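S.K.: build me a structure from this.
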Amino acid sequence: MQTIDFCDFQRIEIRVGTIIKAENFERAQKPAYKIWVDLGELGVKQSSAQITARYIPEDLIGKQVICVCNFKPKQIANFISEILVTGFDDGNGGIVLATPDHKVPNGSRLH
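M.R.: Numbering: from 1, shown residues only. From the prediction side, this is the model:
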């Protein structure tokens, strides 16, 4: 594993937000959802998330997720993904979302 300096970590904007909208992303090459995340002071940002193996859109609404907010936007088909919603491989190819275990204010930064 490569090590980094603490100042490198500080450059990454990792924040929490609440999913306010989720829908199937029909034009994605791999199964995915379009999701919109309320990040408090940063506003609402959108992301393409390949989390279809473990979640359905209706169950995502209101879920807080941990996001990387300062990657360059990426175009995926006809959609611009502005943030990266983080998660972990479940060992079977599905992704389990990274979430706080208690509700925190949207936009809170990871320390």
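S.K.: element containing residue 54, please.
M.R.: Assigned by DSSP states H and E, residue 54 belongs to neither a helix nor a strand.
S.K.: quick check: closest non-adjacent residue to it.
M.R.: residue 94 (4.5 Å; Cβ to Cβ, 6 or more residues apart in numbering). C-beta here means a position set from N, CA and C on the backbone, and glycine is covered the same way.
S.K.: okay, residue 74 and residue 16: tell me how far apart.
M.R.: 21 Å (Cβ to Cβ, to the nearest Å).
S.K.: and the two? Which one has more around it.
M.R.: residue 16 (22 against 13; other Cβ atoms under 10 Å).
S.K.: tell me how far the residue nearest to residue 54 lies from residue 64.
M.R.: 19 Å.
S.K.: again with residue 34
M.R.: 18 Å.
S.K.: report the buried residues of stretch 80-92.
M.R.: 81, 82, 83, 84, 85, 86, 87 (16 or more other Cβ atoms under 10 Å).
S.K.: for those residues, which two are the farthest from each other?
M.R.: 82 and 87 (17.0 Å; Cβ to Cβ).
S.K.: residue 94 and residue 64: which has the busier surroundings?
M.R.: More crowded of residue 94 and residue 64, by other Cβ under 10 Å: residue 64, with 22 against 15.
S.K.: for that one, what are its contacts?
M.R.: Taking Cβ atoms under 8 Å, 6 or more residues apart in numbering, we find residue 64 in contact with 16, 17, 18, 19, 99, 100, 103, 104, 106.
S.K.: where does it fall, phi/psi-wise?
M.R.: Backbone torsions of residue 64, given as degrees, to the nearest 10, read phi -80, psi 140.
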